[in-house]
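Asks: Got a sequence here, can you build the structure:
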Amino acid sequence: MISKEDKLLIRRCLYAMINMYGIIPLRHAYHIFSHQNPLAQR
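Replies: Residues are numbered from 1 along each chain as shown. Model (predicted):
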């Protein structure tokens, strides 16, 4: 089971990676993926 501290650490690592690569391309890629994936439609 993942503790709260581990979740915060993982989230911090993810945010660090996003900041390194830039959030705009990541959001753009997610936007494209969510439109191509029928399971992601709400």
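
Asks: Pull out the buried positions in the lowest-mean-pLDDT helix or strand in the chain.
Replies: Counting by mean pLDDT, DSSP states H and E, the chain has its least confident helix or strand at helix 23-36, which shows a mean of 76. For helix 23-36, a neighbour-count test (16 or more other CB atoms under 10 Å) marks nothing as buried. (Glycine included, C-beta is placed from N, CA and C.)

Asks: Could I get the contacting residues of residue 36?
Replies: Contacts were defined as CB atoms under 8 Å, 6 or more residues apart in numbering; by that measure residue 36 touches no other residue.

Asks: Return the distance of the helix or strand hosting residue 6 from the chain's centre.
Replies: Following DSSP states H and E, the helix or strand that holds residue 6 is helix 4-21. A distance of 10 Å separates the C-alpha centroid of helix 4-21 from that of its chain, computed with CA atoms, centre = their mean, to the nearest Å.
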